[in-house]
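K.L.:
generate coordinates for the sequence data below:
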Amino acid sequence: MSILKDSQAFKIILVKLFNDILEYEENVLSTSEFKDLTNNDIHVISAIGMNTKKNMSMIAKELAVTIGTLTISINGLVRKGYVIKERSEKDKRVVFVNLSKKGEKAFIKNEELYDAMVNSMIEGLDDMELDILMSALRKVNTWIKKKMD
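P.N.:
Next up, the predicted model:
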């Protein structure tokens, strides 16, 4: 197979994989106790993480969104009962967020979903194949990060 054909096949599977992951994540959530969450909500919950208290700037930077965009998402998650907001005692302008118990359950559910997906992907790979896969994924991630800066 030529490099051009390989490139086209790779592009097709990469785009399909990305879309399928999002659809799968959405389907799992829509049939669970977390059906009120969007994919965006889950990404915000993941960025907050377990047993942490992060300020809005940290999360916005991690998600590559503005504080205003994040505020809208966080306020929705507070209303749904997944996130707790609190102002800093030292500087009232600073808002910290952390997950509620409900938010922690959603975080764990999403982690289980991704753990199962990763395990199925690497199952049966030998060390060399795993190294090649990791290298390819890092290259794609590095390229994306450079384009976002």
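
K.L.:
all strands for this structure, in order.
P.N.:
Assigned by DSSP state E, the strands in the chain fall at 54-55, 83-87, 95-99.

K.L.:
what is the mean pLDDT for the last one?
P.N.:
Along strand 95-99, the predicted confidence averages to a pLDDT of 93.

K.L.:
that strand to strand 83-87, inter-axis angle?
P.N.:
For strand 95-99 against strand 83-87, the angle by axes from the mean of the first three to the mean of the last three Cα atoms, to 10 degrees is 160 degrees.

K.L.:
buried stuff in strand 95-99?
P.N.:
Neighbour-count burial for strand 95-99, counted by 16 or more other Cβ atoms under 10 Å, picks out 95-99. (Glycine included, C-beta is placed from N, CA and C.)

K.L.:
and it, how far from the chain's centre?
P.N.:
With Cα atoms, centre = their mean, to the nearest Å as the basis, strand 95-99 stands 17 Å off its chain's centre.

K.L.:
ok, the first one next?
P.N.:
Relative to the chain's own centre, strand 54-55 is displaced by 17 Å; criterion: Cα atoms, centre = their mean.
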